[in-house]
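Student: can you look at this prediction? I've put the sequence above it.
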Amino acid sequence: MASFDVMPDVQLYQPAELDDALSLADRYADDGWLLGGGQDTYGWLKDRAKHPQAMIDLNGIEALRGIRESGDGLEIGAAMTLREIIRNERINRDYSLLSVAAEKVASPQIRNVGTLGGNLAQDARCWYYRRGLACYRAGGNICYANAPDSMNREHCIFGASRCVAVSPSDTATSMVALDAVMVVRNINGERTVSAEDFFVGPDTHITRMTSLEPGEILTAVRLPSKWAGQRFYFEKVADRNTWDFALVSIAVAMSMDGDTIGDSRFVCGAVACTPHRLRNVERAARGRSLSNESADAIAPMASEGAQPLNSNHYKLPLMENLVRRAMRA
Amino acid sequence: MDIATYKRDVWGREVLLGVSWDLLWLVLVAALVIIAGHAVYMAMQQRREKPSIEGKRVQRHETTDRVMHWIMAISILVLLFTGVLPIIGIEFAWLTLHWVSGLVLTAAVLFHILRSVFAKDLMSVWISSSDFKEPFDDSHKPGKYSLAQKGMHAAISIVALLVIGSGLVMFAMIDTPWWDRTNSLSESTLGWMFFVHGLTTLALIALIVFHLYFTLRPEKLFYLRSMFKGWISEDELSAHHDPERWAPDESA
């Protein structure tokens, strides 16, 4: 498929008010494209693999910006750039899991323009899908990534349902670990959805990565105070340290009672079509201390139930080792 | 309105993707219009006296047949809901429920076919030339099944076999507890399978709408009762059937 180094003919809207953006999103629905930092957008359009009629630039909307106190925690506007999140004092103090995860996204240049909303709502990074082939995720009847000679080293080991692409977002795992609440609006009003339910797998909706319906905009993310200032761990393993997607990542939030783990969230990225919570690990970690013994006892549970493809068996020990490292003192 | 949807394959060729689900609304509207027309026609007809349900009872459906009917009915409804609801925007994890119901239906249909061929009177539901007198001659009563019932059975059988056949091919293309997906069919072949599956699903929806309508019509409710309880009264038998052509077991 040819790649074009110019943008296709597309109507650009740059609303200054959220209501205008919502009207446009409603009017264009599936034919509209919400533009944040554009880092997941321009490749699609230049490759002519997606064909929106209109692009709705959200960057000029003040209501989508800002980091403010909410009733129970912190609210972050969806159009805040990753750089702004990384440098925010309050986030660094209380929710460093998010700022550390944001710092692992791509490259400094991309973090300067990439937005939180865009990072969370980005599309799958499957080679075949990105190439514009008519796979399941593109509305077709076949998966190119799960055949005997497919290149599926980066693909999922959990939760496959016809499509085997993974959730590529680095911040998504931290959102699930922090029990974040996503604020979604359309012209009829606002709804909130937990981060865990925000991301949807192919068993539920094979052509979408999130529960955002056409006409809806992710306006903000709320981080509850429950996890403020708790113990966090984030690690991303990729082929290179910058400008790359995770092969496996882990975001962990733990409430500690002295040396003992109380409630916890262990969430792995790039192993499933959504951020993958390790509930069996969370149960096993409760009441244990951070130590090598605990780490060795719990780590093997991380990969329970995995169904690797031809070329990604390596993700199982990788997951286990990331849990092991998170459990060390 | 398109009948099919298309996409470009890996070689840039246009391949069939499947049926256009816009047809779903056309099918539903057309079925409801036909039903409304029939209901108006029937309302204008002179009502016949309802036969009594009292007196001797005769067996219409054996327990095994009734159980199989309801297994097939429930599995078809589950298949339709799990297949169609996600298409019209009601999203849930449907695939496992869909293929499990599909296997139940396949097993039930196989059992029904074998039982009909080897243990039942297959010809009782077979359409014969003499059946075509029924609509034009009130004195020509049917045997166990009327021409309409035989026609509905034949139509549902053909459509269901096509849905099952295409569904089994698609089933081989997904991961199951027994095998990993094969990805062995070309996109165009798969497209034809999806097209046949979708088109026959639409036909099945129309047939089931008609089946439900005729089942619930007041003059046909005794057939529904017989599908639950197994029997009809002797009066119902003589009013609607020709005892010469159908001699049911009177021990019901």
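Tutor: In hand now; what should we look at?
Student: can you count the residues close to residue B:215?
Tutor: Using other CB atoms under 10 Å in any protein chain shown, residue B:215 is surrounded by 12 other residues. C-beta: built from backbone N, CA, C; applies to glycine.
Student: strands of the stretch 101-250 of chain B, start to end?
Tutor: With DSSP state E, counting those that start in this stretch as the criterion, the stretch 101-250 of chain B has strands at B:231-233.
Student: quick one: name the residues of it near chain A.
Tutor: Within the stretch 101-250 of chain B, the positions near chain A by CB under 8 Å from any CB of the partner chain are B:173-175, B:181, B:183, B:187, B:190-191, B:193-194.
Student: again, only using 6 Å
Tutor: Residues of the stretch 101-250 of chain B lying close to chain A (CB under 6 Å from any CB of the partner chain) are B:183, B:187, B:190, B:194.
Student: now residue 64. Nearest residue, chain neighbours left out?
Tutor: Picking chain A for this. Distances taken as CB to CB, 6 or more residues apart in numbering or on different chains place residue A:79 nearest to residue A:64, at 3.7 Å, with adjacent residues excluded.
Student: right idea, wrong chain: chain B
Tutor: Using CB to CB, 6+ apart and skipping residues adjacent in sequence, the residue nearest residue B:64 is residue B:115, 7.2 Å away.
Student: number of residues surrounding the one you found?
Tutor: 15.
Student: any idea how far chain A is from it?
Tutor: Look at residue B:115 and chain A: by CB to the nearest CB, to the nearest Å, they are 35 Å apart.
Student: equivalent analysis for residue B:54, please.
Tutor: The value you get for residue B:54 to chain A, if CB to the nearest CB is used, is 54 Å.
Student: just the pLDDT at residue A:4, thanks.
Tutor: Residue A:4 is assigned 68 on the pLDDT scale.
Student: oh, I was asking about residue A:126
Tutor: 95.
Student: repeat for the one 10 residues further on
Tutor: The pLDDT attached to residue A:136 in the predicted structure is 92.
Student: same question for residue B:139.
Tutor: So, for residue B:139, pLDDT stands at 79.
Student: then the strand or helix carrying residue A:316 to PDB, C-alphas only?
Tutor: Per DSSP states H and E, residue A:316 falls inside helix A:315-326. C-alpha atoms of helix A:315-326 as PDB (Å, rounded to 0.1, in the frame of the first residue of the first chain):
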ATOM      1  CA  LYS A 315       5.900 -12.500  27.300                       C
ATOM      2  CA  LEU A 316       5.100 -15.100  30.000                       C
ATOM      3  CA  PRO A 317       8.400 -14.900  31.800                       C
ATOM      4  CA  LEU A 318       8.600 -11.200  31.100                       C
ATOM      5  CA  MET A 319       5.300 -10.700  32.900                       C
ATOM      6  CA  GLU A 320       6.300 -12.900  35.800                       C
ATOM      7  CA  ASN A 321       9.600 -11.000  36.200                       C
ATOM      8  CA  LEU A 322       7.900  -7.700  36.200                       C
ATOM      9  CA  VAL A 323       5.700  -8.800  39.000                       C
ATOM     10  CA  ARG A 324       8.700 -10.200  40.800                       C
ATOM     11  CA  ARG A 325      10.500  -6.800  40.500                       C
ATOM     12  CA  ALA A 326       7.400  -4.900  41.700                       C
END
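Student: what's that helix packed up against?
Tutor: strand A:248-257 (3 or more CB pairs under 6 Å, 6 or more residues apart in numbering or on different chains; DSSP states H and E).
Student: relative orientation of the strand it packs on and helix A:315-326 in degrees?
Tutor: 30 degrees (axes from the mean of the first three to the mean of the last three CA atoms, to 10 degrees).
Student: how about the one helix or strand in chain A whose mean pLDDT sits lowest: buried residues?
Tutor: None of the helices or strands of chain A scores lower by mean pLDDT, DSSP states H and E than helix A:42-46, at a mean of 88. Using 16 or more other CB atoms under 10 Å in any protein chain shown as the test for burial, helix A:42-46 gives A:44-45.
Student: then stretch A:206-221?
Tutor: Here stretch A:206-221 shows A:206-213, A:215-221 as buried, counting by 16+ other CB under 10 Å.
Student: those: which two are farthest apart?
Tutor: A:206 and A:220 (27.5 Å; CB to CB).
Student: now what about stretch B:218-227, what contacts it?
Tutor: With CB atoms under 6 Å, 6 or more residues apart in numbering or on different chains as the test, stretch B:218-227 has contacts from B:60-61, B:66, B:69, B:214-215, B:232, B:236.
Student: need the buried ones from those selected in ChimeraX.
Tutor: Selecting only the buried entries of the contacts of stretch B:218-227 in ChimeraX, with 16+ other CB under 10 Å as the criterion:
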select /B:60,61,66,214,232,236
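Student: okay, the contacts of stretch B:218-227 in a markdown table with pLDDT next?
Tutor: Output for the contacts of stretch B:218-227, formatted as a markdown table (pLDDT from 0 to 100):
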| residue | pLDDT |
| --- | --- |
| B:60 | 91 |
| B:61 | 92 |
| B:66 | 96 |
| B:69 | 96 |
| B:214 | 95 |
| B:215 | 94 |
| B:232 | 93 |
| B:236 | 91 |
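Student: quick one: which of the contacts of stretch B:218-227 sit in helices?
Tutor: Among these, the members found in helices (DSSP state H) are B:66, B:69, B:214-215, B:236.
Student: closest to residue B:169 among these?
Tutor: residue B:69 (26.4 Å).
Student: what sits closest to the closest one if chain neighbours are left out?
Tutor: Nearest residue to residue B:69, sequence neighbours excluded (CB to CB, 6+ apart): residue B:227, at 6.0 Å.
Student: contacting residues for the residue nearest the centre of chain B?
Tutor: Centroid-nearest residue in chain B, with CA atoms, centre = their mean: residue B:156, separated by 3.8 Å. With contact set as CB under 6 Å, 6+ apart, residue B:156 has these partners: residue B:207.
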